[in-house]
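Chemist: build me a model from this:
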Amino acid sequence: LHKLDSWIGTMGAESSRSFLSKEDLDFLKTRTQFDEQTICDYYKGFLSDCPTGKLSPTEFCQIYSKCFPTGNAREFCDHVFRTFDTDKNGVIDFKEFLLSIDVNSSGSPEEKLNWAFSLYDVDGNGYIDIHEMTKLVTSIYKMVGTAQIQLEDTPVERAHDIFDKMDLDSDGKITKEEFTKTCLGDKNLLNLLAPNM
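Modeler: Residues are numbered from 1 along each chain as shown. I've put the predicted structure just below:
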């Protein structure tokens with residue numbers, strides 16, 4: 001999430017299958033900001049790194065972790081993978097991959113925050129509870145490494161502070177509306193929870 005552009009740059013440029021179906025290409029041209037050549041270039045890189053055309057959780061984490069060499073990105077990778085895997089079949093195909101990349105690179109602030117909300121809503125029930133917030137904040141701390149974090153509080157303390165700030169009606173859960181409103185009103189929080197905005 002934090003370094004998707006860097007990650008894209010690590011993808012290979014050669015492929016055994018060099019063409020995307022016309023149907024998939026048309027679908028991606030209408031649903032992303034990318035032109036045909038860019039889509040084809042991404043496709044070649046995607047197939048170079050996963051020749052089957054399906055990115056497994058292990059492969060995803062190996063690629064994603066390259067963006068965070070000083071930390072442990074495993075837990076955070078699992079959350080990002082879950083968010084990319086929109087059909088929940090356990091693999092990421094090229095369309096899921098490119099749609100997520102598009103939202104994170106050129107989506108509106110609201111689209112990016114909807115994507116980020118899905119990342120934090122671990123169980124997919126439509127809201128974020130304190131346990132989900134704690135899981136994600138803890139995984140971010142692990143991913144960036146302790147040397148990179150200049151915060152005085154622990155991940156649990158930080159998660160509780162963020163949660164309290166976002167739970168506008170104090171009902172013990174954060175809705176998508178509360179998440180979006182709080183992030184749009186607080187640039188520091190926005191940078192922590194939904195970078196690249």
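
Chemist: ok, residue 100 - contacts?
Modeler: The neighbours of residue 100, taking CB atoms under 8 Å, 6 or more residues apart in numbering as the test, are 83, 84, 86, 115. For the C-beta atoms, the positions are set from N, CA and C on the backbone; glycine is no exception.

Chemist: against residue 118, how distant is the closest residue to the last one other than its chain neighbours?
Modeler: In other words, residue 115. Closest residue to residue 115 apart from its sequence neighbours, by CB to CB, 6 or more residues apart in numbering: residue 103 at 4.8 Å. As for residue 103, its distance to residue 118 is 10 Å (criterion: CB to CB, to the nearest Å).

Chemist: tell me which of these two has more neighbours.
Modeler: Counted by other CB atoms under 10 Å, residue 103 and residue 118 do not tie: residue 103 has more neighbours, with 21 against 18.

Chemist: just checking, the more buried one is part of a helix?
Modeler: Yes: judged by DSSP: H, G, I helix; E, B strand; the rest coil, residue 103 forms part of a helix.

Chemist: so where's this structure shaky on pLDDT?
Modeler: Applying pLDDT under 70 to the chain flags the ranges 1-18, 145-151, 194-197.

Chemist: try 80
Modeler: Low-confidence segments of the chain (pLDDT under 80): 1-19, 65-71, 144-152, 190-197.

Chemist: please tell me how far residue 112 sits from residue 90.
Modeler: Look at residue 112 and residue 90: by CB to CB, they are 25 Å apart.

Chemist: mind checking which of these two has more residues around it?
Modeler: Higher neighbour count among residue 112 and residue 90: residue 112, with 22 against 11, using other CB under 10 Å.

Chemist: which among the contacts of residue 100 gets closest to residue 131?
Modeler: Nearest to residue 131 out of the contacts of residue 100 is residue 83 (CB to CB; 17.4 Å).

Chemist: quick one, what contacts that closest one?
Modeler: 100, 115, 118, 119.

Chemist: for it, phi and psi?
Modeler: Phi and psi for residue 83, reported as degrees, to the nearest 10, are phi -70, psi -40.

Chemist: give the contact list for the closest residue to residue 138 other than its chain neighbours.
Modeler: Counting by CB to CB, 6+ apart, residue 155 is the residue found nearest to residue 138 once chain neighbours are left out, at 4.1 Å. Residues near residue 155 by CB under 8 Å, 6+ apart: 134, 137, 138, 140, 141.

Chemist: what about the last one, how many neighbours?
Modeler: Each residue near residue 141 was counted by other CB under 10 Å, and the total is 22.

Chemist: please apply the same query to the second one.
Modeler: Residue 137 is surrounded by 23 other residues when neighbours are defined as other CB under 10 Å.

Chemist: and what of the third one?
Modeler: Here the number of neighbours of residue 138 (other CB under 10 Å) works out to 17.

Chemist: just the element for it, please.
Modeler: helix 130-144 (DSSP states H and E).

Chemist: and that helix, what other elements does it pack with?
Modeler: Packing contacts for helix 130-144, counted by 3 or more CB pairs under 8 Å, 6 or more residues apart in numbering; DSSP states H and E, involve helix 74-84, helix 109-120, helix 155-166.
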